[in-house]
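**Q** here is my input, please return the structure:
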Amino acid sequence: MGVEVGSGEVAGVLWEVARIGPYFDVSTSLVGSGWCVFPGDGVLLAELTDDYAQRLGTGEQRVAASLVFQGLAARLWSPVVAAAARGIVSDLGGLRWRWAAGEAIELGLDEPRGWRVGSVGEAAELLERVVVDGQLRPLREVMLGFVSLADGLLWGNAASALAGSLNVGPAGGRVALVRELLGRGPLAGTGEFGDCGFIRNNCCLYYRVPGGGMCGDCGLARNVR
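**A** So this is what the prediction gives:
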């Protein structure tokens, strides 16, 4: 499935899509210290979750963890979907990340690899393997080691992050790919596109943050529209 391409071509397309915005950035030159395998053993994720809870002013760890998962899902989906829309699916095997309190989360690939694809279906099949199976499922397992979160919530968050990536930069060929992915695997049935864009079937719990509310794609908002 797909034709393997060299690291230079993969690095080149990742550099291009990084210009869309910070959530589309994956470093291909791991400069400095602090890089570790993603998602890791849970220690750094638990620290990140506690930091989120403190900054959001919530005592509910599951609320902070839900938002951490959704944010990381957005960081995983955005660059690889944008690159795939340009014909290159990036292999996230060996993905690294680093974070420290007060700093932004960074993702990186020491040896970028990938495949050239010729159709939406081919790209979606690879992306499901690379992102859902290769990164989101392990992330889910690690986070469930220190906090309780429902599967429907987590996959709804992953779907919301994927659909939300279309709101940044020119959507172009990403639209068909996102719609295809939302019909596959654990993302299938998590929501649907309507006149107002994607609406998920559940909620990320942001409304439980002090001063928070319902997001634009929140399933709870169906009852107030």
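
**Q** run through the protein and note the low-pLDDT ranges.
**A** Regions of the chain meeting the criterion pLDDT under 70 cover residues 222-225.

**Q** which residues in it form helices?
**A** If you assign secondary structure with DSSP state H, the helices in the chain sit at 7-18, 43-56, 61-84, 120-127, 137-143, 151-164, 174-181.

**Q** and the shortest one, what does it pack against?
**A** Applying 3 or more Cβ pairs under 8 Å, 6 or more residues apart in numbering; DSSP states H and E, we find helix 137-143 packed against helix 43-56, helix 61-84. Where C-beta positions appear, they are placed from N, C-alpha and C, glycine not excepted.

**Q** make CSV out of the ones you listed and add distance to Cys215 and mean neighbour count.
**A** Listed next are these as CSV, based on distance: least, Cβ to Cβ, whole Å; neighbours: other Cβ atoms under 10 Å:
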stretch, distance to Cys215, mean neighbour count
helix 43-56, 14, 17
helix 61-84, 10, 24
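
**Q** for Ala221, which of the ones you listed is the nearest?
**A** Minimum separation from Ala221 across those (Cβ to Cβ) falls at helix 61-84, 16.4 Å.

**Q** the closest one: how far from the chain's middle?
**A** Averaging C-alpha positions (Cα atoms, centre = their mean, to the nearest Å) puts helix 61-84 3 Å from its chain's average.

**Q** tilt between it and helix 174-181?
**A** 120 degrees (axes from the mean of the first three to the mean of the last three Cα atoms, to 10 degrees).

**Q** how far does stretch 207-224 sit from its chain's centre?
**A** The chain centre lies 20 Å from the centre of stretch 207-224; the measure is Cα atoms, centre = their mean.

**Q** likewise stretch 86-99?
**A** Put simply, stretch 86-99 sits 11 Å off its chain's centre (Cα atoms, centre = their mean).

**Q** same question, stretch 155-168
**A** Taking Cα atoms, centre = their mean, one finds stretch 155-168 lying 7 Å from the centre of the chain it belongs to.

**Q** in it, which residues are buried?
**A** Of the residues in stretch 155-168, 155-166, 168 count as buried by neighbour count, 16 or more other Cβ atoms under 10 Å.

**Q** could you export the residues you listed as TSV, including distance to Ser27?
**A** Formatted as TSV, these follow (distance: Cβ to Cβ, whole Å):
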residue	distance to Ser27
Trp155	28
Gly156	29
Asn157	24
Ala158	23
Ala159	26
Ser160	25
Ala161	20
Leu162	22
Ala163	25
Gly164	22
Ser165	19
Leu166	23
Val168	19
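
**Q** okay if I get the helices and strands packed on helix 137-143 as JSON lines plus distance to Gly21?
**A** Converted to JSON lines, these look like this (distance: least, Cβ to Cβ, whole Å):
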{"stretch": "helix 43-56", "distance to Gly21": "20"}
{"stretch": "helix 61-84", "distance to Gly21": "8"}
